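Colleague: any chance you could fold what I've pasted below:
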Amino acid sequence: MRSQETPLHLAIRRGAALNSTDRGAIHSVFKKVYKAERINPAFSKIANMIIPGSGQIYSGDFKNGLNLTLLLSLLGLLAVNTGVNYSFMDAVITIMPWYQRYYMGGYTKAEQIGIKRKDQKQEQLKSELLTLIASTKN
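Modeller: Have a look, this model is predicted:
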């Protein structure tokens with residue numbers, strides 16, 4: 001066995017011995033692996049910086065993404081209302097620290113969720129592929 005051969009490499013080398021059903025199943029797993037590789041945590045972070053909550057939604061955390069969007073929208077409206085009714089400085093001093101806290105926490109969390117989702121998806125697909133390889137040995 002070569003130094004970097006994994007069960008995946010062995011399955012590819014054994015490809016000629018697989019029947020068409022097994023090849024089709026392995027091919028579908030490889031398609032899923034390709035899709036999982038396209039998950040980009042950096043994109044999640046940048047998207048969340050542009051539109052708060054969108055990075056979390058992209059990463060698959062719909063509940064927290066919508067929550068962040070709603071929360072920051074309401075804090076923004078409250079800041080505008082405070083600025084109009086009192087003064088701009090009152091809005092900056094009272095509302096903006098809260099806005100900044102959730103805004104920065106949102107894009108940091110979006111990146112972490114993206115990394116976690118990508119890792120989970122890759123582990124799931126590795127397990128699925130190894131199960132397919134083990135079933136073809138029989």
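Colleague: does anything pack onto the lengthiest helix in the chain? Which helices or strands?
Modeller: Longest among the helix segments of the chain by residue count, using DSSP state H, is helix 96-136. Helix 96-136 is packed against helix 7-13, helix 20-37, helix 41-50, helix 54-58, helix 62-85, with contacts defined by 3 or more CB pairs under 8 Å, 6 or more residues apart in numbering; DSSP states H and E. The way it works is simple: take the backbone N, C-alpha and C, and place the C-beta from them, glycine included.
Colleague: tell me which of those lies nearest to residue 96.
Modeller: Set against residue 96 and scored by CB to CB, these come closest in helix 62-85, at 6.4 Å.
Colleague: after that closest one, which helix or strand is next?
Modeller: Once helix 62-85 ends, the next helix or strand along the chain (criterion: DSSP states H and E) is helix 88-94.
Colleague: buried residues of that following helix, list them for me.
Modeller: By 16 or more other CB atoms under 10 Å, the buried positions in helix 88-94 come out as residue 91.
Colleague: any idea of the pLDDT on the residue lying closest to residue 26 once chain neighbours are set aside?
Modeller: Nearest residue to residue 26 in three dimensions, chain neighbours excluded: residue 132, at 5.8 Å (CB to CB, 6 or more residues apart in numbering). pLDDT recorded at residue 132 is 77.
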